[in-house]
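Student: fold the stuff below for me.
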Amino acid sequence: MNKISEVVIKPFEKSEYMKPYTMHFTQNGRKRTWDLLRVHDCVAIILNNITRNKLVFVKQFRPAVFFGSIPEEDRELNTEVNLEKYSPDIGITLELCAGIVDKNKSVAEIAKEEILEECGYDVPLASLEKVGSFRSGVGTSASLQTVFYCEVTDDMKVSEGGGIGDEIIDVVEMNVDEVKKYVSQANVKSPPSFMFALYWFLYNKV
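Tutor: Here you go, the predicted structure:
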């Protein structure tokens with residue numbers, strides 16, 4: 001996963017995943033502007049393997065986290081990043097099984113697909129318990145993220161997971177004590193939705 005090479009940051013061109021906009025508006029009589037990003041909504045799933053009392057997560061390299069971890073003075077465009085100075089490991093995060101909402105399906109159906117693709121469990125739709133939905137990235141994108149809770153067993157495991165296409169995903173398991181220790185760190189390399197979901201789990205399911 002950390003075998004990253006030839007990293008070059010280039011100016012934004014065109015993307016099927018995000019579109020930049022600028023909103024012009026008047027607030028309390030004052031004209032203002034705000035830069036926005038239109039991105040896909042997404043789903044995330046708290047997976048609990050009740051056969052072995054383990055929570056199931058995914059680990060992957062996130063280019064945005066890697067880029068954000070490099071000091072501004074070293075973010076030179078069109079110049080290869082010094083990977084001896086900035087290890088790709090700084091861009092590897094621990095997250096919930098998740099995916100974008102880009103199909104004409106319900107969020108529960110997409111969650112079921114992501115569980116199979118990323119973690120290898122084939123779960124019935126009825127096993128997905130909706131935790132809630134919230135807006136993430138409220139300063140830029142405000143995409144809607146829906147979180148589910150799902151209990152799985154070893155019998156539901158039909159593949160190793162790891163994602164599809166060019167995805168490179170490691171499946172990681174932790175028991176409750178390990179989760180508590182992880183979220184108690186001063187610097188957690190996971191997104192806010194991960195923290196929200198785990199605190200919900202620890203409060204409601206433990």
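
Student: what are the ranges of the strands in this protein?
Tutor: For the chain, the strands defined by DSSP state E cover 18-27, 30-39, 42-49, 54-61, 92-95, 97-100, 128-136, 143-152, 170-174.

Student: list the strands paired with the second one, with their directions.
Tutor: Paired neighbours of strand 30-39 in the sheet (DSSP bridges): strand 18-27 (antiparallel).

Student: go on, the fifth one?
Tutor: Take DSSP bridges as the rule and strand 92-95 pairs in its sheet with strand 54-61 (antiparallel).

Student: from the centre of this protein, point out the most distant residue.
Tutor: Farthest-out residue of the chain from its mean C-alpha position, per Cα atoms, centre = their mean: Gly29, at 38.7 Å.

Student: do you know the pLDDT at that residue?
Tutor: Gly29 carries a pLDDT value of 98.

Student: ok, now which ones touch it?
Tutor: Neighbouring residues of Gly29 by Cβ atoms under 8 Å, 6 or more residues apart in numbering: there are none. C-betas here are computed from N, CA, C, even on glycine.

Student: how about low-confidence regions in this structure?
Tutor: Of all residues in the chain, none has pLDDT under 70.

Student: could you redo the last one with a cut-off of 80?
Tutor: Low-confidence segments of the chain, defined by pLDDT under 80: 1.

Student: longest single helix anywhere in it?
Tutor: What stands out as the longest helix in the chain, according to DSSP state H, is helix 192-204.

Student: give the buried residues for that helix.
Tutor: Neighbour-count burial for helix 192-204, counted by 16 or more other Cβ atoms under 10 Å, picks out 193-194, 196-198, 201.

Student: for stretch 46-53, same thing?
Tutor: By neighbour count on 16+ other Cβ under 10 Å, the buried set for stretch 46-53 is 46-49.

Student: ok, Val171 - contacts?
Tutor: The contact partners of Val171, by Cβ under 8 Å, 6+ apart, come to 56-59, 118-120, 160-162.

Student: and it, how far from Ser106?
Tutor: Going from Val171 to Ser106 by Cβ to Cβ, to the nearest Å gives 25 Å.
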